[in-house]
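Visitor: Give me a model of this one.
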Amino acid sequence: MRHSHIAVIGAPLDLGQGRRGVDMGPSALRVANLNARVAALGYEVEDLGNIPVEQAESCPEGDAHAKYLAQIAAACERLGKQVIDALERGRLPLVLGGDHSVAVGTMSGVAHHFRRQGRSIGLIWLDAHADMNTPGSSPSGNVHGMPLAAILGRGAPELVDLFGFHPKVSPAHAAIVGLRDVDQMERSNVRDSGVRAFTMRDIDERGLRAVMEEAIRAATDATDGFHLSLDMDFVDPKDAPGVGTPVRGGATYREAHLAMEMICDSGKMVSMEVVEVNPVIDESNRTADLAVELIMSGMGKRIL
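Guide: Have a look, this model is predicted:
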């Protein structure tokens, strides 16, 4: 679904995780010349700025099992409304995180837009983590480890029921690619969810191409397209050091580009978000620069 117009939406939220800095992710991506580089591919780029978010210093942490939940839910609702507006105007929403809890807002907005038309969508989640904890299973209470569970209809009602319905996507139409760090209690959530979960062992044994072909099939079978959620910790820290929660053994530089190129080739991506870029621990903004490269591969840039 190639769109001629891209709507860039910043979501500088860092309340969902313990390490500060990902709130500067949208700025880092813009500093890496995101808008001009995407426009060079032939798109018209409309930058809508950043949604307003609360700062940790100005609000209470709340329930230790789901920290800053009310503030995160409010930010996700604001983000979802921006996404809906962009889709209604024929734009492809490109959301810049922020921690991964912003995905609840993005996906809720996308799902709401298609649901009103009697249509459904899939989801491809590129991530080292499953993000399928709930307040009852999370060892940290950090909401950035819970968004996929909420999108699938499990967890805190403030997130699960955003815009008045759940789940936002059928588990049968959701695929996680790149898993290598799953919490002990979270494992059963993943196994019992019905999502297609591909670990780094799957990629090692079968190759990235075969894994992505299966993930794309799951997300496009009987749907009207899919949302792509790219956590930059999907990529190995050697190539993407500036991420919220780095984990060794991730996708290589070329594997990450191949994943994005295949997503573009499918012609079925309806929205995208890139999250967890943390310039505080980055090296000369190279993680943000790689994120822009991957966005461009997902938008159609080719070697020849």
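
Visitor: contacts, neighbours, all on C-alpha from now
Guide: Fine.

Visitor: Isn't T287 up against K238?
Guide: No. The pair T287 and K238 fails to qualify as a contact (C-alpha atoms under 8 Å) at a distance of 9.9 Å.

Visitor: So the two - more neighbours on which side?
Guide: T287 (29 against 15; other C-alpha atoms under 10 Å).

Visitor: what's the nearest residue to that one if we skip its chain neighbours?
Guide: Spatially, and ignoring its direct neighbours in sequence, T287 is nearest to A240 (4.7 Å; C-alpha to C-alpha, 6 or more residues apart in numbering).

Visitor: so that neighbour sits right up against M232, yeah?
Guide: Yes. Between A240 and M232 there is a contact at 6.9 Å, judged by C-alpha under 8 Å.

Visitor: how about the helices of the stretch 1-150 of the chain, start to end?
Guide: 25-31, 34-39, 69-88, 102-115, 147-151 (DSSP state H, counting those that start in this stretch).

Visitor: so which helix or strand takes in the residue most central in space within the chain?
Guide: By C-alpha atoms, centre = their mean, the chain has its centre lying nearest to S229, at 2.7 Å. Element membership for S229 (DSSP states H and E) is strand 226-231.

Visitor: Between helix 102-115 and that strand, find me the angle.
Guide: 180 degrees (axes from the mean of the first three to the mean of the last three C-alpha atoms, to 10 degrees).

Visitor: Give me the buried stretch members for strand 226-231, please.
Guide: By 16 or more other C-alpha atoms under 10 Å, the buried positions in strand 226-231 come out as 226-231.

Visitor: for the residue nearest to E46 when sequence neighbours are not counted, what are its contacts?
Guide: Spatial nearest neighbour of E46, excluding adjacent residues (C-alpha to C-alpha, 6+ apart): A7 at 4.9 Å. Neighbour list for A7: 45-48, 86, 91-94 [criterion: C-alpha atoms under 8 Å, 6 or more residues apart in numbering].

Visitor: Let me see the confidence value for A7.
Guide: Predicted confidence (pLDDT) for A7: 98.

Visitor: Then N142?
Guide: On the pLDDT scale, N142 gets 95.

Visitor: All the strands of the stretch 151-300 of the chain, residue numbers only.
Guide: All strands of the stretch 151-300 of the chain, identified by DSSP state E, counting those that start in this stretch, fall at 174-179, 196-199, 226-231, 269-275.

Visitor: got JSON lines for those, with distance to H65 and mean pLDDT too?
Guide: Output for those, formatted as JSON lines (distance: least, C-alpha to C-alpha, whole Å; pLDDT from 0 to 100):
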{"stretch": "strand 174-179", "distance to H65": "23", "mean pLDDT": "98"}
{"stretch": "strand 196-199", "distance to H65": "25", "mean pLDDT": "98"}
{"stretch": "strand 226-231", "distance to H65": "23", "mean pLDDT": "98"}
{"stretch": "strand 269-275", "distance to H65": "22", "mean pLDDT": "98"}
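
Visitor: TSV please, covering the ones you listed and showing distance to G122.
Guide: TSV is the format used below for the strands of the stretch 151-300 of the chain (distance: least, C-alpha to C-alpha, whole Å):
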stretch	distance to G122
strand 174-179	6
strand 196-199	12
strand 226-231	4
strand 269-275	9
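
Visitor: right, so of these, which gets closest to L159?
Guide: strand 226-231 (17.0 Å; C-alpha to C-alpha).

Visitor: Give the partner strands of the closest one in its sheet and their orientations.
Guide: Note on strand 226-231: by DSSP bridges, its sheet partners are strand 122-126 (parallel), strand 269-275 (parallel).

Visitor: Would you mind listing the outside residues contacting the first one?
Guide: In other words, strand 122-126. 169-170, 173-178, 215-216, 218-220, 223-231, 234.

Visitor: OK, contacts around the residue nearest to R37 when sequence neighbours are not counted?
Guide: Leaving aside its sequence neighbours, R37 sits nearest to M296 (C-alpha to C-alpha, 6+ apart; 7.6 Å). Contact partners of M296, counting by C-alpha under 8 Å, 6+ apart, are 37-38, 41.

Visitor: All set, thanks.
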